[in-house]
Structure formats: C-alpha cells, structure tokens
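>>> heads up, no residue letters with this:
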C-alpha cells in the first residue's frame, strides 16, 4: 500500500528539511558499511586489480612506451572507471532494501519523498572516496606522481564525485524497476563496459577506428577523464571540465525526477 502525503506535510516540507532527511539516511548507509565492511571489497580490491592488469600486462603493448609513462597516463582514467563501477552499488543496495520492504517503512514516515533516494546516493560518496584513495595509493607505490598542484588534484576528485552522484540516479531508477540485485548487476555491466572501455581511459581516441572515435568523443566518460588528466597532470582543463559538469547536471535533471516518480508509484 502506498502512503499519501498530507497537505500539512506538503506545506511544511522545505529544501533544508529535505536535505536534513537525506543526510540522516546517508548516515544510515555509512552505519551499514561499518557493520558490514565486506561491502567495501569491490572498491578496495577492484582498483588494485585494474591498475595491476592494465599497467603491467597491457602497458607496453597499448602505449608502446615504458610502464611508468603509461601509469602516468592511465591512472586518472582508472580513478574515473572505479567511480563508475562503484556507483552501480547504489542501485544494487537500494534494490535490496526495496525487496526487503525497508522502503515501505520510509514511505510511511513524515520525510521528504526524495530523501531515501538522495540519501542512498550520498551515502555512497564514502565508497567513491575509498575507490579513488585506493587507486591513488597503489599508483603512488608504483611511481605515479601528480604533476599539478594538490588543489587541482582535489578538483579532479570533486568532478568524479559530482559525476558519480549524477550516475547514481540512473542506478536508482533501474534499481526501482528490476526484480533482483542480480538482474541489476548483470544489466549494469552491459551498460558500464561501453562507457568505461569505449572512452579515452586507456588509449587516446585518435588511435581508434573512425566509427569508434565518434562514440568515444560523445561519451561523457571521455570528458571526465580528460578533465581529470588535465587537473592532475597538466593540460587542457576548462572545456572537458565544463562538459563533465554539464553532463552531470543533465543526467541528474532527467533521471532524478524519473526515479522519484517511480518511487512514489511502487508499493
């Protein structure tokens, strides 16, 4: 049964209250991670596997240069990719809560309708932080060095957080439609692989066939990776950073209302 919102509740709900509700539910996500730390296995081990695989196995073959040179090139892109894959956990966790009936309880509470969804996405910021930190720490052990200022590097991480927040709304929407976490995970990899591997994360777009270059250049991951490289290693920043923010705003503007509407209708 779907709960209704009373007129009094609708009048008194303000953006400040909605944000406070979302922060409370984000804290719930962090408490759940503290009680079940195995939830962080994917964002701790996966980055190490990615860096090891692509730098040591494919580094010389892909770039035709030393492993250190390729490490400098690929590490910002791997940071972006780990955030992409970590964002998929938002939808999986939400779908688990929905199938267990936890979100039925949320709908009965006098809280903002968007708070359970926004709180779930915000709670996963900690996962993004862990994944980025793991890539950077392991890359630093292998010899990666930031060529720009530390503030610029933090700006790159901030862009990844913004894009991860936007992408989380897609997974939230899908998580409200699919029947099980396993279904979402299987579908998620179908979506993620063209985004992550059909980009400039591992190689420059100019080395690809013309038909594939067209996809790479319109892929938002390409813009985010370009901005991250520019902020961490030096190079063009303004255009890819602006495009990354524009993509993030557009994705959020489209999928956040759709997710909230779907959430109101399930039950």
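Nice, thanks for sending it over. Every value quoted in this text rests on a predicted model; they were computed, and no experiment measured them.
>>> what about residue 130, neighbour count?
By other C-beta atoms under 10 Å, the residues close to residue 130 number 18. Backbone N, C-alpha and C define where each C-beta goes, glycine included.
>>> and the next helix or strand past the helix or strand hosting it?
Residue 130 is part of helix 125-142 when elements are defined by DSSP states H and E. Downstream of helix 125-142, the first helix or strand assigned by DSSP H and E is helix 150-175.
>>> now that next one, how far from the centre of its chain.
Put simply, helix 150-175 sits 5 Å off its chain's centre (C-alpha atoms, centre = their mean, to the nearest Å).
>>> avg pLDDT for the next helix or strand after it?
Downstream of helix 150-175, the next assigned helix or strand under DSSP H and E is helix 181-197. Mean pLDDT, helix 181-197: 84.
>>> quick one on the thing from earlier: next, the angle from the helix holding residue 130 to helix 150-175.
In terms of direction (axes from the mean of the first three to the mean of the last three C-alpha atoms, to 10 degrees), helix 125-142 departs from helix 150-175 by 130 degrees.
>>> give me the contact list for helix 125-142.
26, 29-30, 33, 40, 43-44, 46-48, 50-51, 55, 71, 75, 78-79, 82-83, 85-87, 89, 144, 157, 160-161, 164-165 (C-beta atoms under 8 Å, 6 or more residues apart in numbering).
>>> whichever of the residues you listed end up buried, select them in PyMOL.
Under the burial definition 16 or more other C-beta atoms under 10 Å, those of the contacts of helix 125-142 that qualify are selected in PyMOL by:
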select buried, resi 26+29+33+40+43+46+47+50+51+55+71+75+78+79+82+83+85+86+87+89+144+157+160+161+164+165
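>>> so which of the contacts of helix 125-142 sit within helices?
26, 29-30, 33, 43-44, 46-48, 50-51, 71, 75, 78-79, 82-83, 85-87, 89, 157, 160-161, 164-165 (DSSP state H).
>>> state the distance from the residue sitting nearest the centre point of the chain to residue 142.
Nearest to the geometric centre of the chain sits residue 164, at 2.9 Å (C-alpha atoms, centre = their mean). Using C-beta to C-beta, to the nearest Å, residue 164 is found at 24 Å from residue 142.
>>> next one: residue 116
From residue 116 to residue 142 the distance is 40 Å (C-beta to C-beta).
>>> any idea how far the helix holding residue 130 is from the chain center?
14 Å.
>>> just the buried positions in that helix, please.
Neighbour counts over helix 125-142 (16+ other C-beta under 10 Å) mark 125-132, 134-136, 138-139 as buried.
>>> which one of the residues you listed is nearest to residue 149?
Residue 149 lies nearest to residue 136 out of the buried residues of helix 125-142, by C-beta to C-beta, at 15.0 Å.
>>> what does stretch 197-217 rub up against?
With C-beta under 8 Å, 6+ apart, stretch 197-217 has contacts from 54, 58, 62-63, 74, 77-78, 80-81, 194, 219, 221-222, 225-226.
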